[in-house]
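[1] Task: produce atomic coordinates for the following.
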Amino acid sequence: MQTDQVYIMIKYLAGIREKTGVQEERVSFPSRSTLNDVADWFLNRYGLTVPNPRLMAILNGRGWGQYPEKLSTELKEGDTICLFPPISGG
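    The predicted structure follows:
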């Protein structure tokens, strides 16, 4: 059975969790939605601009920019997105 929705998990870490007020949430998007649609959703829901040098966005363990299609990468059922501030160290 073909569904017209894709369900993904979004996890908010460190200071991003404080801004959103939630640690994680399961969100549905229409089939064939892309990371660009998720970026629009973040902006509308939380006022978060993604991509952003002060905000790391990871899809299934890889940065959004590491995918050949970049923001045109299509979502798949069960994808996980994590948002967190950049980590620095030395």
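[2] Render the CA-only coordinates of the lowest-mean-pLDDT helix or strand in the chain in CSV, please.
    Least confident helix or strand of the chain, by mean pLDDT, DSSP states H and E, is helix 15-20 with a mean of 93. This file holds the C-alpha atoms of helix 15-20, laid out as CSV (Å, rounded to 0.1, in the frame of the first residue of the first chain):
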residue,chain,number,x,y,z
GLY,A,15,21.0,24.2,23.2
ILE,A,16,18.7,23.5,20.3
ARG,A,17,16.6,21.3,22.7
GLU,A,18,16.2,24.4,24.9
LYS,A,19,15.0,26.5,22.0
THR,A,20,12.4,23.9,20.7
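[3] In it, which residues are buried?
    Within helix 15-20, the residues that qualify as buried by neighbour count (16 or more other Cβ atoms under 10 Å) are I16, T20. In this view, the C-beta of every residue, glycine as well, is placed from N, C-alpha and C.
[4] What of stretch 67-75?
    Quick answer for stretch 67-75 (16+ other Cβ under 10 Å): L71, T73, L75.
[5] ok, so of these, who is nearest I81?
    L75 (8.9 Å; Cβ to Cβ).
[6] now what about the least confident helix or strand of the chain, what contacts it?
    Y12, Q23, Y46, L48, L55, L83, F84, P85 (Cβ atoms under 8 Å, 6 or more residues apart in numbering).
[7] Burial check on W64, number of neighbours?
    Neighbourhood size, W64 [other Cβ atoms under 10 Å]: 20.
[8] Contacts only, for it.
    Contacts of W64 by Cβ under 8 Å, 6+ apart are L35, V50, P51, A57, I58, K70, L71, T73.
[9] now swap in K11 and tell me
    K11 touches Q23, E24, T80, I81, C82, L83, counting by Cβ under 8 Å, 6+ apart.
[10] Switch those residues over to JSON lines; also include secondary structure.
    What follows is the contacts of K11, written out as JSON lines (DSSP: H, G, I helix; E, B strand; the rest coil):
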{"residue": "Q23", "secondary structure": "coil"}
{"residue": "E24", "secondary structure": "strand"}
{"residue": "T80", "secondary structure": "strand"}
{"residue": "I81", "secondary structure": "strand"}
{"residue": "C82", "secondary structure": "strand"}
{"residue": "L83", "secondary structure": "strand"}
